[in-house]
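S.K.: Kindly return the folded structure for what I paste below:
(chains A and B)
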Amino acid sequence: AQSVTQLGSHVSVSEGALVLLRCNYSSSVPPYLFWYVQYPNQGLQLLLKYTSAATLVKGINGFEAEFKKSETSFHLTKPSAHMSDAAEYFCAVSGDNAGNMLTFGGGTRLMVKP
Amino acid sequence: EPEVTQTPSHQVTQMGQEVILRCVPISNHLYFYWYRQILGQKVEFLVSFYNNEISEKSEIFDDQFSVERPDGSNFTLKIRSTKLEDSAMYFCASSVGQGRGTEAFFGQGTRLTVV
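M.R.: I've put the predicted structure just below:
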């Protein structure tokens, strides 16, 4: 079985500030991890994924995430927030079977202040 | 850019009625999924579908639910005799493959409100 916990349902940062969205996972097998973003009235869009290659993963829009096995974490960061980054962010882990079922965290709404 | 499309974007139905949520997956994708998100809760997996069969389903996906690929393009979720607790955002997704690292592409969702 697997689970994902996202600390902080709401995060507010100033434009230009560091963005840090936290994700911790639990998985009975080596995890495959994903970050999705949802802009208002849109579907979930993949930001980046970790599939057991490099532990530092770079994604779209300047986001990156680091897989830390010892901490069971996969936190999402961006050095400088932009107003357009305001959205809901979901961390997910792939199922521990052969399928592609995703288990999601509760989501973090990122607000960016001017 | 190819995308998954869902219709309708909003659906209001009376308790006890049947609803069908529709999805058009990306054309060369072979695996299809439904997820739902009850307001304020996590996105939850419902079912995956491949080669005209359910390949996986969660505990949520009981006899009230069914999925179908009625033609070469649509993928539908039917909810029989809707209940108040079925109110949620329903997301359709599709992927090329089923490997654990395969990206699933999501639609924009259908918000279902049962009154």
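S.K.: and the residue nearest the centre of chain A, what does it touch?
M.R.: Nearest to the geometric centre of chain A sits residue A:35, at 3.5 Å (Cα atoms, centre = their mean). Listed by Cβ atoms under 8 Å, 6 or more residues apart in numbering or on different chains, the contact set of residue A:35 reads A:21, A:23, A:46-49, A:59, A:63, A:65, A:74, A:76, A:89-92. All C-beta spots, glycine's among them, are computed from the backbone N, C-alpha and C.
S.K.: And the next helix or strand past the particular helix or strand that has residue A:37 in it?
M.R.: Assigned by DSSP states H and E, residue A:37 belongs to strand A:33-38. Along the chain past strand A:33-38, the next helix or strand (assigned with DSSP H and E) turns out to be strand A:44-50.
S.K.: now the angle from that following strand to strand A:33-38?
M.R.: 160 degrees (axes from the mean of the first three to the mean of the last three Cα atoms, to 10 degrees).
S.K.: Could you list every helix and strand that strand A:44-50 packs against?
M.R.: strand A:33-38, strand A:56-58, strand A:64-68, strand A:73-78, strand B:105-106 (3 or more Cβ pairs under 8 Å, 6 or more residues apart in numbering or on different chains; DSSP states H and E).
S.K.: Format the CA atom coordinates belonging to it as CSV.
M.R.: Taking Å, rounded to 0.1, in the frame of the first residue of the first chain, the C-alpha atoms of strand A:44-50 are listed here in CSV:
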residue,chain,number,x,y,z
LEU,A,44,-4.2,18.1,-13.8
GLN,A,45,-1.0,18.8,-15.6
LEU,A,46,2.2,16.9,-15.0
LEU,A,47,5.0,19.1,-13.6
LEU,A,48,7.6,16.4,-13.1
LYS,A,49,8.2,12.8,-12.1
TYR,A,50,10.7,10.7,-10.4
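S.K.: Can you mark which positions in the strand holding residue A:37 are buried?
M.R.: Buried residues in strand A:33-38, counted by 16 or more other Cβ atoms under 10 Å in any protein chain shown: A:33, A:34, A:35, A:36, A:37, A:38.
S.K.: Tell me what the fourth one is bridged to.
M.R.: In this case it means residue A:36. Taking DSSP bridges as the rule, residue A:36 bridges to residue A:46, residue A:90.
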